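In: Show me how the following folds:
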Amino acid sequence: MMVFTKYLEDFLMKCSTIGRNSATGRLAIGVGHESYESSHLQPSQWYGEVRELCGLANRPCTFPCTNNLSPSEAAEALNDHIASICQQLPPLDTTRLPAYLPARLIAPTVSQFQVLQKLEKTRVKRGTIPLDLPMHLIKEFAMELATPLTSIINASLQQSKCPSQWKTVFVTAIGKTQSPSSFGELRPIAITPLPSLLCESFATDWAYQDLAPSVDRRHFGNMRSSSTTHCLVSFLDFVLTHLDKRKSSVTSIFIDFKKAFDLVDHITVISKAAASMGIRECLFP
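Out: Numbers count the residues shown, from 1 in each chain. Next up, the predicted model:
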């Protein structure tokens with residue numbers, strides 16, 4: 001059944017590609033003694049109905065861990081759970097960081113044209129928070145919004161301070177399983193305000209320029225023009241190359257750290273980034 005389903009999906013994708021420009025379509029599929037007919041449907045609807053027929057359609061996720069809580073109580077409990085993860089580490093103590101002041105280089109500035117380019121490249125369907133303007137308005141009035149945003153971003157970089165409104169994060173919980181039994185089985189998806197995202201993207205670009213020359217080329221995570229596919233290809237090449245050798249074997253160990261990014265000590269990261277990775281000092285607090 002799994003093999004049939006895979007071939008069916010491949011066939012359907014080809015049908016969708018061929019019939020993408022067609023206004024209507026007709027598809028009849030028989031499984032066992034049951035037949036299923038779909039007429040006058042768009043290709044995307046074909047795909048959805050066949051997935052439903054094969055039992056592959058996405059089912060609504062239920063949250064048994066919040067059944068006995070009201071919506072507000074569930075949101076508060078989830079917020080406390082997410083906050084408790086980060087609270088396991090002490091807050092950032094700038095007195096423990098290396099002395100950077102006076103910095104040898106002043107913080108870079110951004111131009112109105114650069115901000116305008118970022119706004120124009122922002123996806124209309126990007127997730128927003130209630131504090132943001134609708135994305136259609138942002139795209140339509142990007143030229144007018146670029147001027148004040150440029151001033152605010154440059155002031156934030158020069159003063160090494162982040163506006164309090166930019167620190168507001170709206171979190172959506174996505175289940176790692178079909179029916180999460182605890183908050184630990186929920187994956188928090190955080191959305192930050194658009195101005196904060198723009199400022200962060202500039203800082204990321206500058207840090208990447210400083211960091212890229214010292215990164216191992218076999219590092220694939222969070223690197224541009226790289227993905228998990230490259231990692232898998234590199235790993236398989238390593239395994240197969242050594243297995244081709246006589247009297248050779250390969251032992252692999254995969255490690256998955258629980259809440260790895262949430263439990264990173266910021267003091268350690270900043271100290272290492274400045275000391276050994278060459279990121280410019282003006283990008284640190």
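In: host element of residue 46?
Out: Using DSSP states H and E, residue 46 sits in helix 43-53.
In: Now do the contacts for the most centrally placed residue in the chain.
Out: Most central in the chain under Cα atoms, centre = their mean is residue 189, positioned 8.1 Å from the mean C-alpha point. Residues in contact with residue 189 (Cβ atoms under 8 Å, 6 or more residues apart in numbering) are 171, 172, 173, 174. C-beta here means a position set from N, CA and C on the backbone, and glycine is covered the same way.
In: picking that back up, for the record, mean pLDDT for the helix holding residue 46?
Out: For helix 43-53, mean pLDDT is 73.
In: Give the buried residues for that helix.
Out: 43, 46, 47, 48, 49, 50, 51, 53 (16 or more other Cβ atoms under 10 Å).
In: Looking at the residues you listed, which two lie furthest apart in space?
Out: Pairwise distances across the buried residues of helix 43-53 peak at 15.6 Å for 43 and 53 (criterion: Cβ to Cβ).
In: Double-check residue 181 against residue 66; I have them as touching.
Out: No: applying Cβ atoms under 8 Å as the test, residue 181 and residue 66 come out as separate, 10.7 Å apart.
In: follow-up on the earlier one: which strands or helices does the helix holding residue 46 pack on?
Out: Applying 3 or more Cβ pairs under 8 Å, 6 or more residues apart in numbering; DSSP states H and E, we find helix 43-53 packed against helix 2-18, strand 26-31, strand 34-39.
In: returning to that earlier point: adding distance to residue 117 as columns, could you present the buried residues of helix 43-53 in CSV?
Out: Output for the buried residues of helix 43-53, formatted as CSV (distance: Cβ to Cβ, whole Å):
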residue, distance to residue 117
43, 35
46, 39
47, 35
48, 37
49, 41
50, 41
51, 39
53, 46
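In: Could you chop this protein up by domain?
Out: 2-53, 64-214+255-283 (automatic domain parsing).
In: that's a helix at the residue nearest to the centre of the chain, yeah?
Out: No: per DSSP: H, G, I helix; E, B strand; the rest coil, residue 189 lies outside any helix segment and is strand.
In: any low-confidence regions in the stretch 101-250 of the chain?
Out: For the stretch 101-250 of the chain, applying pLDDT under 70 flags the ranges 101-105.
In: Please enumerate the strands of the stretch 101-250 of the chain.
Out: Along the stretch 101-250 of the chain, counting by DSSP state E, counting those that start in this stretch, strands occupy 170-175, 186-191.
In: The last one: partners in the sheet, and parallel or antiparallel?
Out: To tie it back to what came earlier, the one meant is strand 186-191. Here strand 186-191 has these sheet partners by DSSP bridges: strand 170-175 (antiparallel).
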